[in-house]
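> sharing a sequence plus its predicted fold:
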Amino acid sequence: MQDIKRSEILRAARQTQVALAQQVVIAPLGVWPSLVAGVDAAFSGNKVIGSTCLFNCADLNKVDEASVVQEVEFPYVPGYLSFREAPVIISAIKLLKTPPGLIIVDGQGIAHPRRIGLASHIGVLLGIPTIGCAKSRLIGTHEQPGPHRGHCQNLYDKEQQIGVVLRSRDNVRPLYISPGHLIDISDSVGVIMHTTTRYRLPEPIRCAHNLSAQNKKLLIC
């Protein structure tokens, strides 16, 4: 009975992904936003913590942050992680005093089997430009980028380019960058390079990750 219920849940989730993927728009960003948010999710037992940090895009100063803790309501299934993380992340974003003009997501954009990773999922639901900035590959093939900051290689799924593999700092593991919604590959790379300073990860995502980790420690205590 449990297997039947799980199958039904995944079937409904897949249908939702297919519908959302049809709404994804990949296009040049145009005017850069004044405020950019980074988002991250962390898990502790049956709880999920969604965190977001809002930065001024011009000088990369943090202007706001927010976190939300919710019960986990969706099983862990690769390719369907958006259903575990998107609700709590969206709740956190809505707590910001000023909405972001762009969101950098610790996850995939269109570099997903159904072209609807976490960044695309959130972008469509909120109607905000999003970028997927993942630390590992979900799908696709690529050559290794060169060793220095800014070196990149295209990420392909068969014949379609779905993102780039970007070296954000000299001699660090590359990031997997893919547009989520209302932005294209070139502008996605531009934003990631602009928001990455001394560390491997862009500052907004690094901040959100640290905020999630802090809140996770509080839950454990």
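Happy to help now that I have it.
> give the contact list for the spatially closest residue to Ile93 that is not a sequence neighbour.
Among residues not flanking Ile93 along the chain, Thr52 sits closest, at 5.3 Å (Cβ to Cβ, 6 or more residues apart in numbering). Quick note: C-beta positions are derived from backbone N, CA and C, even for glycine. Residues near Thr52 by Cβ atoms under 8 Å, 6 or more residues apart in numbering: 37-40, 65-67, 89, 92-93, 95-96, 100, 103, 208, 211.
> ok, Thr197 next?
60, 203.
> so Val68 lies in a strand, does it not?
Yes - assessed by DSSP: H, G, I helix; E, B strand; the rest coil, Val68 belongs to a strand.
> what pLDDT is listed against the spatially most central residue of the chain?
Nearest to the mean C-alpha position of the chain, counting by Cα atoms, centre = their mean, stands Val105 at 2.1 Å. Val105 is assigned a pLDDT of 98 by the prediction.
> surely it is in contact with Val39?
Yes - in this structure Val105 lies within contact range of Val39 using Cβ atoms under 8 Å: 5.5 Å.
> what residue ranges in the protein score low on pLDDT?
Under the criterion pLDDT under 70, the flagged ranges of the chain are 1-4, 220-221.
> one step back: partners of the residue nearest to Ile93 in the sheet?
For Thr52, the beta-bridge partners are Val39, Ala66 (DSSP bridges).
> and it, how close does it get to Leu155?
To Leu155, Thr52 is 26 Å away according to Cβ to Cβ, to the nearest Å.
> quick one, what contacts Val105?
38-39, 89, 118-119, 122, 130-133, 180, 205 are the contacts of Val105 under Cβ under 8 Å, 6+ apart.
> next one: Ile104
Neighbouring residues of Ile104 by Cβ under 8 Å, 6+ apart: 36-39, 130-131, 133, 191-192, 195, 202, 204-205.
> so which of the residues you listed belong to strands?
36-39, 130-131, 133 (DSSP state E).
> same for the longest helix seen in the chain, what does it pack against?
Longest helix in the chain by number of residues (criterion: DSSP state H): helix 2-21. Judged by 3 or more Cβ pairs under 8 Å, 6 or more residues apart in numbering; DSSP states H and E, the packing partners of helix 2-21 are helix 118-126.
> picking up where we left off before, next, format the contacts of Val105 as a markdown table and append neighbour count and distance to Ser186.
Below are the contacts of Val105 laid out as a markdown table (neighbours: other Cβ atoms under 10 Å; distance: Cβ to Cβ, whole Å):
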| residue | neighbour count | distance to Ser186 |
| --- | --- | --- |
| Gly38 | 29 | 20 |
| Val39 | 32 | 22 |
| Ile89 | 30 | 25 |
| Leu118 | 26 | 21 |
| Ala119 | 35 | 16 |
| Ile122 | 26 | 21 |
| Thr130 | 31 | 15 |
| Ile131 | 33 | 12 |
| Gly132 | 32 | 15 |
| Cys133 | 30 | 15 |
| Gly180 | 33 | 14 |
| Ile205 | 29 | 20 |
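> quick one: which of the residues you listed is nearest to Leu20?
The closest of those to Leu20 turns out to be Ile122 (Cβ to Cβ; 10.0 Å).
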